[in-house]
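Visitor: sequence first, then the predicted structure:
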Amino acid sequence: MILTVTMNPSVDISYPIPHFKLDDVNRVEAASKTAGGKGLNVTRVIKQLGEGVLATGVLGGMIGEYIVQELTKNEIENNFLKINQESRNCIAILHDGKQTEILEAGPTLTNEDGSAFLAKYETLLSSVSLVTISGSLPKGLPSTFYRQMVEMGRDKGIPVIVDTSGESLRQVLLHNVKPFAIKPNITELTQLLGREVEQSISSLSQALEDDMFQGIEWIVVSMGGAGAFVKHGSDFYRVTIPPIDVVNPVGSGDATVAGLAVALKHKQPALVVLKTAMTTGMLNTMEAATGHINTANFSQFFELVQVEKIDY
């Protein structure tokens, strides 16, 4: 079973308003609400791939109860730490061909909350074979929190995939115990290294040779429609994807993590791992719902992903 961690989940509310009027009344005919957060997008896609998955993280209040209800309705097993605060809403207003987002910060956790979650996490590790950690940390937790979780996984011999950014990611990478896989983009690489990283094989290869990344088995640099650049052990790969009709790109990186996690859990060869991850990411962009893929199209697009090993 795969354990997915979402430390700051939300209810994602989408308001389609064709012509948004500022400082006026706007009526919404068809709002949608989903259990959101990057880790829960990962969870849904893993479930759609037919893999056993357990969702964890921190929830509170009526919003937290709604998230649990939604997961349970979709037959997704979950075991969250419950706190005496309200989880957050994240609102997207779709208007005039644009998307305006209003994101609540969410609860502020105490040191006791953090310790209680780590105790739960350690218990859950005994029943899973791989972990994904996605998204931001809630306020109140130290930026070193994820690196503690990576170390706890390593102590139990469980691979941990980390998909976060900013100081949380930096702290993970500066630690001597490394995650099994990470999925940065070029902007995040530039921020981490403090120098410009370009979308070229030579620039990306040089960036991933930095000491910060040593000891990480899989580094998947996502490049959107251009595919990905990947370092696996000492090998480099360029992965390209076919042109597709994009319906909703939100969550495609999370779907990529889901495909990566499932393939790695089954110890697939590198070619299959990369094609699976890219395929699930593509399939998500072709659906209106975030964190959703049509598995009937998997084989067709899997065959269209091209993987080239780079001699560097």
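Guide: That came through fine.
Visitor: going forward, measure contacts and count neighbours with C-alpha atoms only.
Guide: OK.
Visitor: any idea how far the residue positioned nearest the centre of the chain lies from Glu196?
Guide: Taking CA atoms, centre = their mean, the centroid of the chain lies closest to Asp254, which sits 3.8 Å from it. Asp254 sits 25 Å away from Glu196, going by CA to CA, to the nearest Å.
Visitor: ok, now Ala35?
Guide: Ala35 is 36 Å from Glu196, by CA to CA.
Visitor: and these two? which has more neighbours close in?
Guide: Ranked by neighbour count (other CA atoms under 10 Å), Ala35 and Glu196 place Ala35 first, with 21 against 14.
Visitor: I'd say the more buried one and Ile67 touch.
Guide: Yes: using CA atoms under 8 Å, Ala35 is in contact with Ile67, at 5.0 Å.
Visitor: between these two, which contacts overlap?
Guide: 10-11 (CA atoms under 8 Å, 6 or more residues apart in numbering).
Visitor: spell out the residue ranges of the helices in the stretch 51-200 of the chain.
Guide: Here the stretch 51-200 of the chain has its helices, by DSSP state H, counting those that start in this stretch, at 61-73, 111-125, 145-155, 166-174, 186-193.
Visitor: export those to JSON lines and tack on mean pLDDT, distance to Ile102 and mean neighbour count?
Guide: Converted to JSON lines, these look like this (pLDDT from 0 to 100; distance: least, CA to CA, whole Å; neighbours: other CA atoms under 10 Å):
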{"stretch": "helix 61-73", "mean pLDDT": "96", "distance to Ile102": "16", "mean neighbour count": "17"}
{"stretch": "helix 111-125", "mean pLDDT": "97", "distance to Ile102": "26", "mean neighbour count": "15"}
{"stretch": "helix 145-155", "mean pLDDT": "97", "distance to Ile102": "26", "mean neighbour count": "19"}
{"stretch": "helix 166-174", "mean pLDDT": "95", "distance to Ile102": "20", "mean neighbour count": "18"}
{"stretch": "helix 186-193", "mean pLDDT": "93", "distance to Ile102": "23", "mean neighbour count": "16"}
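Visitor: for those, which one sits closest to Asp245?
Guide: helix 186-193 (23.3 Å; CA to CA).
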